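Trainee: Generate a structure from the sequence data that follows.
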Amino acid sequence: MFAKIVADRYARAVLQSCPDLATIDRVDFELTLLEETYVKSPETRAFFLNPKIPPKVKIRIVEASLGDKFTPIVLNLLKLLIEKHRQDIIPDISERYNQLTDSVRGVEKAEITVAAKLPQDLEESLTTSVQRFSPRKVDVHIKIDPKIIGGVIVRLGDKVIDGSLSRRFEEIRRAMLAARVPRYVPESG
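Mentor: Predicted structure coming up:
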């Protein structure tokens with residue numbers, strides 16, 4: 001939890017450092033690239049987290065290898081993270097920055113979970129339906145999860161609409177467990 005709070009502060013500072021929307025977009029791209037490299041490359045992660053490599057050496061290597069590829073904003077962030085020994089929150093910073101830039105752009109993320117792949121026309125219909133719930137432009141991601149059995153779960157911002165069959169079955173199960181069924185006593189004859 002603490003890492004998320006710190007990442008939020010860094011992400012906000014980076015966003016405030018961007019002079020225009022083009023820079024915001026460029027920094028977003030670079031942070032996403034940095035996050036993907038950090039998460040997917042054990043060698044990169046090992047380099048950043050190796051306590052035997054002094055921060056000054058790491059910074060020189062980063063400047064030499066990324067100096068002409070990244071904006072000064074991202075390079076300065078990376079150098080600061082190395083100096084403060086906080087490289088491990090790179091993914092959290094990237095994720096939070098992306099959320100903040102969506103807000104600046106007037107975009108809201110939505111996730112639609114379905115049990116199986118949908119036909120294209122149904123995906124478009126769901127996307128259109130979800131768009132009606134937000135005054136902002138909605139960026140929809142469709143996720144397949146067979147565990148929901150059927151129906152749909154929509155997450156839009158902090159709202160969740162769960163119309164899955166698995167939830168309905170769970171409600172029925174709870175209702176049956178909560179029901180007070182009179183005890184059957186056979187008649188003696």
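Trainee: what's in contact with stretch 25-36?
Mentor: 14-15, 18, 70-71, 73-74, 78, 90-91, 93-95, 97-98, 101 (Cβ atoms under 8 Å, 6 or more residues apart in numbering). Placement of C-beta: from N, CA and C, glycine included.
Trainee: do the same with stretch 113-122
Mentor: For stretch 113-122, contacts defined as Cβ under 8 Å, 6+ apart pick out 126, 142-155, 164-165.
Trainee: same thing but 7 Å
Mentor: Here stretch 113-122 makes contact (Cβ atoms under 7 Å, 6 or more residues apart in numbering) with 142-146, 148-150, 152-153.
Trainee: Including pLDDT and secondary structure, could those residues go into JSON lines?
Mentor: Formatted as JSON lines, the contacts of stretch 113-122 follow (pLDDT from 0 to 100; DSSP: H, G, I helix; E, B strand; the rest coil):
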{"residue": "Ile142", "pLDDT": "92", "secondary structure": "strand"}
{"residue": "Lys143", "pLDDT": "93", "secondary structure": "strand"}
{"residue": "Ile144", "pLDDT": "92", "secondary structure": "strand"}
{"residue": "Asp145", "pLDDT": "92", "secondary structure": "coil"}
{"residue": "Pro146", "pLDDT": "91", "secondary structure": "helix"}
{"residue": "Ile148", "pLDDT": "89", "secondary structure": "helix"}
{"residue": "Ile149", "pLDDT": "88", "secondary structure": "coil"}
{"residue": "Gly150", "pLDDT": "88", "secondary structure": "coil"}
{"residue": "Val152", "pLDDT": "90", "secondary structure": "strand"}
{"residue": "Ile153", "pLDDT": "91", "secondary structure": "strand"}
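Trainee: List just the nearest of those to His85.
Mentor: Among the contacts of stretch 113-122, Lys143 lies closest to His85 (Cβ to Cβ), at 35.0 Å.
Trainee: Tell me the secondary structure of the closest residue to Ile61 other than its chain neighbours, please.
Mentor: Nearest residue to Ile61 in three dimensions, chain neighbours excluded: Phe47, at 7.7 Å (Cβ to Cβ, 6 or more residues apart in numbering). The three-state label given to Phe47 by DSSP: H, G, I helix; E, B strand; the rest coil is helix.
Trainee: Understood, closing this out.
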